[in-house]
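Trainee: got a predicted model here, sequence first, then my questions.
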Amino acid sequence: MTGAADLVIVGRVATLAGDSGLGWQGGIAIAGDRVVAVGGESDLEDLIGPRTERWRLDDDLAVMPGITDAHLHLMTVILAETQIDLTGLDLPATLAAIRAEHLAREEKGDSDGWLLGHGWSVHHLGGWPDADVLERAAPGRPVALYAHDHHSRWISPTAIRLAEIDAERGRAAGELVRRDAEGAPSGVLHEGGSSLVDWVIPDPVHADLVYGLRRVAGRLAALGVTGCHDPGELTSGVEMKRGPLFYRALAEADSLPLRVHASVRAPELSAAIERGLASGQSVGRFTMGWLKLFADGSLGSRSAALLEPYSDADVNPPTGGVRGMVVTDAQRLAELLRRAGEAGIVGQVHAIGDAAVRSALEVLAGISVRRAPGTNELMPRIEHAQLVDPADQPRFGALGIAASLQPVHLRSDAAQGRAAWAERSENTFPLRALAESGAVIAFGTDAPVEPFDPWPGIAVALARRDPFSPHDTETGAAHAIDIARALRAACLDPAISAGQTDLGRLLAGHRADLMVVKVAGLADSPDPAVLGATRPLATLIDGQVVHREPRFDP
C-alpha cells in the first residue's frame, strides 16, 4: 500500500499538542522518521499496510515525546566516565581512593601519568583542600580533580609545576587561583582558572570518545532521552575539537546516535566565527547551539553572585566576597554577545545567583542577533537561574528569554541553599512564577554535576523535595508545577528554545522521537517516587527503536 505507515501504535498517546495539558489521543502512526497521523484507532486504519508493524499497548502504558536534556555536558560526561569518581567522600576516603588509584597504576607501569577525577565537595572535605595532601597520596604524579559542580579544580604540586602556575601567575589570576600565606598557588583553581592546567593534560583518543558517546547515548535512550543541548566543557580550548566539530563530523557520517546542540565558549568564539559557525545550522542530528558565557560561579563553590550578602558569610566566607563572585561583568558580557550576535550566534548565560540573573536578563535583552539564512531561530537563554529575585521572575516571559533550569539541583542543594540564602532560598527555581509569566522553561540535569537521569528532576519540579524521601523538607513549595507543565519543560520547551518546530510534540509532520512508559507516572497527581523512577519500555529516535526492554512485547 502506497503511503502505509512503518509503525502504528494503538493506546494512550500524550501528544503535548495545544497550549497546555498532555493532549491525549488514542494512537499514532509513523512512517520513516516522521509522525504521519495521531488520533483514534479508526483514524489510523487506512495507514496499515502488509509491512506495517503494529503495537497495541496495555491500559497501563502510554506513549509520550522523547526528552531533550537542555543542559547536559555530554562530552564532559564521556570523559568523566573514564576518571576517578570522588562523589560524596570525606577527606580521608578521598585520599584513600586517590592513593589506591595511584598504586594500581604504578603496578601497571604508570608512575607519572595524569590522574584525573571529579566529584569532590568542599562541604564533604570540611574546607578547601590543598596540593600537599595530594602529593602524600600520589607522590610525584600530576593530579587534576574537578569539584562536584565543576567550578573548582584541585591539583597536585606536580600539576602546578607542569602547568607553570607560579606565585606571580597565581596573583595575576586573582581569585581564580587560591593562594597560601606567601601568595603561592595552594592547589585549588576556581572558574576559568581551571583552564590553567589544561594545556599540559594529554588529549583523549578520538576513537575512545566515539565509543564513549555511543555507550552514553545508549544509557540515555534507556531513560527516554533522545537529544541534548551540550553547553560545552568548562575549560574548552580554541580548537572546538571536542565540541561542535566533533559532533558535526559524526552527523555528516550519519553516526551521531542522538540529537545534539553543541555550544561554544568564549575562548572558542573567534575560531567559531572564522569557520562560519552560526546558531541553528544543522547537519543530520547535529545543530550548532549557543555561545555559553558565565556571569557568576555556583552555590557549591560558594561563588554565585547575590544581590545581598550570603546569610552565613560570617562563619563560612564565600568565594570572591560576601556577595559571591562576578565571573564576567555586564560590560564584557555585552561585548561578547554583540560580537557573537553579529555573526549569527545566540547567547546563553550561566547565572545562578539573583544578582547574576538580573545582570544576564538586562544584558541579553539588549542584544540583537543576525540570523543566518536557513537556520533555526534559537532563543537567548539563562542557564540555571537557580535564585531569582521576585522582581525578576516575570521578566523571562516578558523579554522572551528562555529559562534553562535543572530542578534536580533542588534535591542536592537544598540544605546548602537554606544555609547560604536563608529565606531567599524560597525563590530557588521559581517554576510556577516563570510559567505564569509565559516563559519557556527548558529542563536539564547538568550532568555530570548530577546524574543524567531526567526523571528525579521532573519529580522534584512537582514535589519541591527529594522525590524518594517523603519526609524531606520542601523548598519553595509555592513554586511547584503540575505534571503536564513539567513534561512540557522536559520534552517541548527545549525544542522551542532551540527553534525546532518539528520536535517535542507528537503531531503529524513532527519527528518520531518518542517513548513508551508506564502511565502511572503521568497521572494528574503522581506519586513523586513513582514519577522519579520512571523508565521507558521502548525509546525511538527518528522512528527507529534505540532502546527496548526485553519484557516489552506489545
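Mentor: That came through fine. Numbers count the residues shown, from 1 in each chain.

Trainee: what sits against the residue positioned nearest the centre of the chain?
Mentor: Centroid-nearest residue in the chain: residue 71, 2.3 Å away (criterion: CA atoms, centre = their mean). Neighbouring residues of residue 71 by CB atoms under 8 Å, 6 or more residues apart in numbering: 229, 231, 383, 384, 404, 406, 442, 444, 445, 446. Glycine gets a C-beta too; all of them are placed from N, C-alpha and C.

Trainee: so the second one touches residue 383, yeah?
Mentor: In this case it means residue 231. Yes: between residue 231 and residue 383 there is a contact under CB atoms under 8 Å: 6.6 Å.

Trainee: can you check which residues contact both of those two?
Mentor: Here residue 231 and residue 383 share the contacting residues 71, 292, 348, 350, scored by CB under 8 Å, 6+ apart.

Trainee: in those, which residue is surrounded by the most others?
Mentor: Per-residue neighbour counts (other CB atoms under 10 Å) across the shared contacts of residue 231 and residue 383 peak at residue 348, which has 29 neighbours.

Trainee: adjacent strands (with direction) for the helix or strand hosting it?
Mentor: According to DSSP states H and E, residue 348 maps onto strand 347-351. With DSSP bridges as the test, strand 347-351 is paired with strand 286-294 (parallel), strand 381-384 (parallel).

Trainee: can you say which of those strands is packed in most?
Mentor: strand 381-384 (a mean of 28; mean count of other CB atoms under 10 Å).

Trainee: after that one comes which helix or strand?
Mentor: Taking DSSP H and E, what comes next after strand 381-384 is helix 395-399.

Trainee: what's next to that following helix, contact-wise?
Mentor: 361, 364-365, 382, 385, 401-403, 434, 437-440.

Trainee: out of those, which are buried?
Mentor: 361, 364, 382, 385, 401, 402, 403, 434, 437, 439, 440 (16 or more other CB atoms under 10 Å).

Trainee: tell me the one of the contacts of helix 395-399 nearest residue 253?
Mentor: residue 402 (30.9 Å; CB to CB).

Trainee: pretty sure that closest one is touching residue 438, no?
Mentor: No: contact criterion CB under 8 Å: residue 402 and residue 438 do not qualify, at 11.2 Å.

Trainee: so after the helix or strand of the chain with the lowest mean pLDDT, what's the next helix or strand?
Mentor: Within the chain, no helix or strand scores below helix 167-172, which has a mean of 53 by mean pLDDT, DSSP states H and E. The helix or strand immediately downstream of helix 167-172 is strand 177-179, counting by DSSP H and E.

Trainee: paired strands for that next one, with orientation please.
Mentor: Strand 177-179 pairs in its sheet with strand 185-190 (antiparallel), by DSSP bridges.

Trainee: could you verify my assumption that residue 539 touches residue 218?
Mentor: No: between residue 539 and residue 218 there is no contact under CB under 8 Å: 10.0 Å.

Trainee: more neighbours, these two?
Mentor: Shown here are residue 539 and residue 218; by other CB under 10 Å, residue 539 has more neighbours (26 against 13).

Trainee: mind listing the strands for the stretch 151-300 of the chain?
Mentor: For the stretch 151-300 of the chain, the strands defined by DSSP state E, counting those that start in this stretch occupy 152-155, 177-179, 185-190, 225-230, 259-265, 282-283, 286-294.

Trainee: residue 209 is in contact with residue 246, isn't it?
Mentor: Yes: Residue 209 sits in contact with residue 246 when judged by CB under 8 Å, with a separation of 7.0 Å.

Trainee: which of those two has more neighbours?
Mentor: residue 246 (22 against 19).

Trainee: that one contacts residue 203, correct?
Mentor: No: look at residue 246 against residue 203 with CB under 8 Å: they stay out of range, at 11.6 Å.

Trainee: quick one on the thing from earlier: so which of the strands paired with strand 347-351 is nearest residue 483?
Mentor: strand 381-384 (23.0 Å).

Trainee: pull the residues that contact the closest one.
Mentor: Counting by CB under 8 Å, 6+ apart, 71, 231, 290, 292, 347-352, 357, 360-361, 364, 396, 401-406, 409, 442, 446, 497 sit against strand 381-384.

Trainee: looks to me like residue 75 is in a helix.
Mentor: Yes: with DSSP: H, G, I helix; E, B strand; the rest coil as the criterion, residue 75 is located in a helix.

Trainee: if you count neighbours, what's buried in stretch 521-538?
Mentor: So for stretch 521-538, counting by 16+ other CB under 10 Å, buried means 521-522, 526, 528-538.

Trainee: what's the answer for stretch 362-376, then?
Mentor: 363, 364, 367, 369, 371, 372, 375, 376.

Trainee: same question, stretch 455-471
Mentor: 455-467.

Trainee: in a markdown table: the residues you listed, plus secondary structure and distance to residue 12.
Mentor: Listed next are the buried residues of stretch 455-471 as a markdown table, based on DSSP: H, G, I helix; E, B strand; the rest coil; distance: CB to CB, whole Å:
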| residue | secondary structure | distance to residue 12 |
| --- | --- | --- |
| 455 | helix | 19 |
| 456 | helix | 24 |
| 457 | helix | 24 |
| 458 | helix | 18 |
| 459 | helix | 20 |
| 460 | helix | 25 |
| 461 | helix | 22 |
| 462 | helix | 20 |
| 463 | helix | 24 |
| 464 | coil | 28 |
| 465 | coil | 29 |
| 466 | coil | 29 |
| 467 | coil | 23 |
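
Trainee: how deep is residue 335 tucked in, by neighbour count?
Mentor: 13.

Trainee: now it: how far from residue 449?
Mentor: 28 Å (CB to CB, to the nearest Å).

Trainee: do the same with residue 122
Mentor: Counting by CB to CB - residue 122 and residue 449 are separated by 14 Å.

Trainee: which of those two has more residues huddled nearby?
Mentor: Between residue 122 and residue 449, counted using other CB under 10 Å, residue 449 has the larger neighbour count: 28 against 20.

Trainee: residues in contact with that one?
Mentor: 73, 148, 149, 150, 409.

Trainee: and the pLDDT for it?
Mentor: Looking at residue 449, its pLDDT is 89.

Trainee: which one of the contacts of helix 395-399 is nearest residue 130?
Mentor: Using CB to CB, the contacts of helix 395-399 come closest to residue 130 at residue 385, 33.3 Å.

Trainee: now the buried members of the contacts of residue 449.
Mentor: Buried members of those, scored by 16+ other CB under 10 Å, are 73, 148, 149, 150, 409.

Trainee: measure the first one to residue 248 for me?
Mentor: Plainly put, residue 73 is 18 Å away from residue 248 if you go by CB to CB.

Trainee: got it, and the third one?
Mentor: Separation of residue 149 from residue 248 (CB to CB) stands at 29 Å.

Trainee: over to residue 215?
Mentor: According to CB to CB, residue 215 stands 20 Å off from residue 248.

Trainee: between those two, which has more neighbouring residues?
Mentor: Counted by other CB under 10 Å, residue 215 and residue 248 do not tie: residue 248 has more neighbours, with 23 against 13.
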